[in-house]
Structure formats: C-alpha cells, structure tokens
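K.L.:
This is a predicted model, with the sequence first.
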Amino acid sequence: MADPMYLAYHDDEWGRPVRGDDAVFERVALEAFQSGLSWLTILRKRENFRAAFDGFSIVKVAAYTEQDVERLLGDAGIVRNRAKIEAAIANARAALDLPDGLSELVWRFADPGAPVPGSMADVPATTPESKALAKELKKHGFRFVGPTTAYALMQAIGLVNDHIEGCVARTR
C-alpha cells in the first residue's frame, strides 16, 4: 500500500494548476532536489525545506550568501547536497531577472491537449515541450532543470494532466 502522505499528494496536489512566481519556484527547487531520490523523500522533508528556504521567496533566496549555503548544508531536515543548494540559489537569482516572471515563462509550455495516458507505461519521461522548457530555463541561467526534471515539474503543477485514464484524481 502506498504511503498516506504520497496518496494525499497524488489525490489533492499533483497535476493541479500552480501559479505565482514563488509557488512555481518552490516546485522547481523541490524537483531539482528530488533528482536521484524518491519523491516521497522530498514530500517528507517539504516543510523543512520551506522553513530552511524562507518559504521559497525568490527575493529572499536570491540574496543568500555562502553563510546561508553552509547553514543549509548543516540542516539535517533537508537534502544536504551542495550542488543542489547552490542551484536553488542560482535559480532564484535567474528568476529575478525574468522580465515576465517565472510563472509566466513556465506556463507558456503548458500542453492541455496531451493524450490521456491509459496506463503508467504511457506516461513519458520527457516530451518536446519539456525539452523546450528545460532549454528555455537553462538559457536564462537555471540549473538542475533537464528535460526529465522539467517534465516532472510540468506534471506536478498542472501543465499536463498525466493522471491515467480512470484515475479518480484526473477530473478533480
């Protein structure tokens, strides 16, 4: 049986539209931290991440210094990976420089017409849209945003609906 925290995330959050620069930034950061780990690990640490990263305020994270990196590396409540921590800070700085904001940029890659997956085997790891989103984010200086991570972001914040056919959460 799946973990109740994971089930609640699937049923109530995953695939639902998320807008707003700080909210989208949180998801970009968490997807990057998830790279190589299970999503359940990130879910279990999400509140710690929110506390450690000032609620994922782009303005606050962009102002982080090397002292903040060291503070975060010492925080057992989060994933303590220097490259990922530094990427989150760099991504906040990159987000500040986007003329129309992070949410606006990301939502340009929405694919509401994506085919309905009949099974988990039909859910892709990447799509042309996720490759284009990753390329665009990298062009603006973002890190840890390859096509697979970009697609996971797209799924998580509702740019595509990958709840499989018959899933109770698909039409919510």
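P.N.:
That came through fine. Numbers count the residues shown, from 1 in each chain.
K.L.:
just checking, what packs against the lowest-mean-pLDDT helix or strand in the chain?
P.N.:
Ranked by mean pLDDT, DSSP states H and E, the weakest helix or strand in the chain is helix 4-12, scoring a mean of 92. Under the contact definition 3 or more CB pairs under 8 Å, 6 or more residues apart in numbering; DSSP states H and E, helix 4-12 sits against helix 39-52. All C-beta spots, glycine's among them, are computed from the backbone N, C-alpha and C.
K.L.:
neighbours around residue 46, how many?
P.N.:
For residue 46, the tally of surrounding residues (other CB atoms under 10 Å) stands at 16.
K.L.:
dump the residue contacts of it.
P.N.:
Under the criterion of CB atoms under 8 Å, 6 or more residues apart in numbering, the contact list for residue 46 reads residue 30.
K.L.:
give me that answer again for 10 Å
P.N.:
Neighbouring residues of residue 46 by CB atoms under 10 Å, 6 or more residues apart in numbering: 5, 9, 26, 30, 33, 78.
K.L.:
angle of the least confident helix or strand of the chain against helix 39-52?
P.N.:
For helix 4-12 against helix 39-52, the angle between stretch directions is 90 degrees (axes from the mean of the first three to the mean of the last three CA atoms, to 10 degrees).
K.L.:
what's downstream of helix 4-12, the next helix or strand?
P.N.:
Secondary structure here is assigned by DSSP states H and E; on that basis, the next helix or strand after helix 4-12 toward the C-terminus is helix 21-34.
K.L.:
List the buried residues of that next one.
P.N.:
Applying a neighbour-count criterion of 16 or more other CB atoms under 10 Å, the buried positions in helix 21-34 are 21-22, 24-34.
K.L.:
so can I have TSV of those showing pLDDT and distance to residue 92?
P.N.:
Supplementary listing: these in TSV, determined by pLDDT from 0 to 100; distance: CB to CB, whole Å:
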residue	pLDDT	distance to residue 92
21	98	10
22	98	10
24	98	12
25	98	7
26	98	11
27	98	13
28	98	9
29	98	8
30	98	13
31	97	14
32	97	12
33	98	14
34	96	18
